[in-house]
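[1] After the sequence you'll find the predicted model.
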Amino acid sequence: MDISLLRKHRRNTPEVMVGKIGIGADNPVRVQSMTNTPTSDYGATAHQIIELHEAGSELVRFTVMDDAYAQAIPKIKNILEEEGYGCIPLVGDFHFNGHLLLKRHPDCAQTLDKYRINPGNVGFGTRHDENFKLMIGCAIDNRKPVRIGVNAGSLDQEVLSRLMDENTKKPAAERKSADAILVDAMVASAIESAKKAEQFGLGKNRLVLSVKVSNVPQMVASYRMLAEKTDYALHLGLTEAGIGAKGTISSAAALSGLLQQGIGDTIRVSLTPTPESSRTEEVKAAQQILQANGIRSFMPQVTSCPGCGRTSSTLFQSIAKEISAYLQAMAPEWKKAGYSGFESMTVAVMGCVVNGPGESRHANIGLSLPGVGEDPLSPVFVDGRPYARLRGESRIADFKKMIDAYVKEHYQAELQNGNNSLS
Ligand code: SF4
């Protein structure tokens, strides 16, 4: 089954080019992330950009908060070019003083592939419009796209106050809650800023919008409203998603419904990393969200049951873990060898005869382990048909060899003639 059919038609947007990467229109939903090194430490930042890119981040953002950070941008680009990564689109994140930095550092303005502008902190009153115009002018002069990145934590207070005042003047029965006004204000701030940017001369094909908030229902409501009102390309993200499972699950909950509705052209998962974990975790989480929604494939997936009283030992759990690690380790090797299409492969590892054979038949290749009191032989299914029966200590090694052979047999064919029987 073509699982993309489960997803509604993708919302139409202009194509926005960020360096050589297209966002919106018919482009795949892009994965992006952000560094957490001081940008002025250009060596560390360049290497984290490479690390994030190698993990799958198609564009990488970093903060530009003062002169030292702005001066580091061309140096970062030089390192990336020297190391063969000059193609990674670089996004500068500006707050409070972006108008000054972009003007004072033309090399920075020219080197960046996109500017992120937060309309909530470009100044107040007339200064707001002047500063905003200056940054948009810089984008026009340098032919760069801009993300109008609204964030609930730094929302334009003039827009919020205006909507609050309008709301209080309404009859009590028509008044909205403060939460609903926050959503309205974020969307209004994004659209009003984008319209101003267009009036100043920046084309719609150079604008991406985002309306981030840390509350899942508010985030979903904001993007739905934005998608209904405009056709700008959208950057989706739940801001300050949090740490560990909470951050990943909240982001998945927020992004999945929108993506299934065809809303969203690029995503970022804003995880708080634990001190011992890699920044690349947020890239893997973003890829997993897209893959779980049937939108893009990045890595072969293991389908495994949770186990229950029918599983005879922890053997089933260790095999599921080992096969998962094997796929993670082999994917770069298969890619390097030129195989393509294996990213959408599913491998089942099931705990007993109840659902084991059935689920294994639905996978490309599946292993059904014996549950309590069952025949110790473990049937393997390939493309839905019984293929072999494994037993004993060599079971895992034998199954790995079968997976490797499956990739080489099925995906080499796709590489050579573009025809894959699995598709
Ligand atoms: S497949 Fe078997 S072991 Fe796994 S959860 Fe279902 S009944 Fe339990």
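    That came through fine.

[2] I'd like to know how far the residue of the chain positioned farthest from its centre sits from Gly392.
    Going by C-alpha atoms, centre = their mean, the residue of the chain most distant from its centre is Gly373, 44.4 Å out. Distance check for Gly373 against Gly392: by C-beta to C-beta, to the nearest Å, it reads 18 Å. Backbone N, C-alpha and C define where each C-beta goes, glycine included.

[3] same deal with Gln218?
    Going from Gln218 to Gly392 by C-beta to C-beta gives 55 Å.

[4] Name the residue in those two with the higher neighbour count.
    Ranked by neighbour count (other C-beta atoms under 10 Å), Gln218 and Gly392 place Gln218 first, with 20 against 9.

[5] Go ahead and report the secondary structure state at that one.
    helix (DSSP: H, G, I helix; E, B strand; the rest coil).

[6] Now Ser378: closest residue in space, sequence neighbours ignored.
    Leu390 (4.6 Å; C-beta to C-beta, 6 or more residues apart in numbering).

[7] Sorry, slip of the keys, the one I care about is Ala72.
    That would be Tyr42: by C-beta to C-beta, 6+ apart, it lies 4.1 Å from Ala72.

[8] cool, and Ser193?
    Ser193's closest residue in space is Pro119 (C-beta to C-beta, 6+ apart), at 4.2 Å.

[9] Go ahead and confirm that neighbour touches Asn151.
    No. Counting by C-beta atoms under 8 Å, Pro119 stays clear of Asn151, with 9.6 Å between them.

[10] For the chain, what lies in contact range of the ligand?
    305-308, 310-311, 350-352, 354-356, 371 (C-beta under 6 Å from any ligand atom).

[11] Narrow the residues you listed to those in strands?
    Among the residues of the chain next to the ligand, the members falling in strands (DSSP state E) are Met350.

[12] Contact partners for the residue nearest to Ser378?
    Counting by C-beta atoms under 8 Å, 6 or more residues apart in numbering, Leu390 makes contact with 367, 377-378, 380, 398-399.

[13] next one: Glu276
    Here Glu276 is in contact with no residues (criterion: C-beta under 8 Å, 6+ apart).

[14] how far away is it from the ligand?
    Distance of Glu276 to the ligand, given as C-beta to the nearest ligand atom, to the nearest Å: 32 Å.

[15] From Gln412, how far out is the residue nearest to Ser193?
    Pro119 is 51 Å from Gln412, by C-beta to C-beta.

[16] So these two - more neighbours on which side?
    Taking neighbours as other C-beta under 10 Å, Pro119 and Gln412 compare with Pro119 leading, 23 against 18.

[17] Can you pull the phi and psi angles for the more buried one?
    phi -70, psi -10 (degrees, to the nearest 10).

[18] if I look at it, how far off is Leu112?
    Distance, Pro119 to Leu112, using C-beta to C-beta: 18 Å.

[19] Please apply the same query to Ile21.
    For Ile21, the distance to Leu112 - C-beta to C-beta - is 14 Å.

[20] Where does the stretch 151-300 of the chain get nearest to the ligand, which residue?
    Using C-beta to the nearest ligand atom, the closest approach of the stretch 151-300 of the chain to the ligand is made by Ala292 at 19.8 Å.

[21] Show the contacting residues for that residue.
    252, 256.

[22] And for Phe200?
    133, 136-137, 140.

[23] now Arg116
    Shown in contact with Arg116 (C-beta under 8 Å, 6+ apart): 61, 91-94, 146-147, 149.

[24] Three-state assignment for it, please.
    Per three-state DSSP, Arg116 ends up strand.

[25] can you check the one 10 residues further on too?
    Under three-state DSSP, Thr126 falls in the helix class.

[26] That one: how many residues sit nearby?
    8.

[27] ditto for the one 10 residues further on
    Ile136 is flanked by 25 other residues according to other C-beta under 10 Å.

[28] Quick check: which helices or strands does the helix or strand that contains it pack against?
    Assigned by DSSP states H and E, Ile136 belongs to helix 125-142. In terms of contacts (3 or more C-beta pairs under 8 Å, 6 or more residues apart in numbering; DSSP states H and E), helix 125-142 is packed against helix 98-104, helix 106-111, strand 114-117, strand 146-151, helix 178-200.

[29] buried stuff in it?
    128, 131-140 (16 or more other C-beta atoms under 10 Å).

[30] what's the distance between the strand or helix carrying Gln412 and the middle of its chain?
    Element membership of Gln412, judged by DSSP H and E, is helix 395-417. Taking C-alpha atoms, centre = their mean, to the nearest Å, the mean C-alpha location of helix 395-417 is offset from the chain mean by 28 Å.

[31] Please apply the same query to stretch 11-21.
    Centroid separation for stretch 11-21 versus its chain: 16 Å, with C-alpha atoms, centre = their mean.

[32] outside of that stretch, which residues touch it?
    Contacts of stretch 11-21 (C-beta under 8 Å, 6+ apart): 22-27, 30, 58-59, 87-91, 113-114, 145, 203-208, 227, 231-234, 261-263, 265.

[33] Need the nearest residue in space to Ser57, chain neighbours excluded.
    Nearest to Ser57 is Ser33, by C-beta to C-beta, 6+ apart, at 4.2 Å.

[34] thought that neighbour was touching Ala285?
    No. Contact criterion C-beta under 8 Å: Ser33 and Ala285 do not qualify, at 9.8 Å.

[35] Looking at these two, which one has more neighbours?
    Counting neighbours by other C-beta under 10 Å for Ser33 and for Ala285 shows that Ser33 has the greater number, 29 against 23.

[36] So what does that one have for phi and psi?
    phi -150, psi -180.

[37] Kindly report the same for Lys169.
    Backbone torsions of Lys169, given as degrees, to the nearest 10, read phi -80, psi -10.

[38] Now do it against Ile191, distance only.
    According to C-beta to C-beta, Lys169 stands 22 Å off from Ile191.
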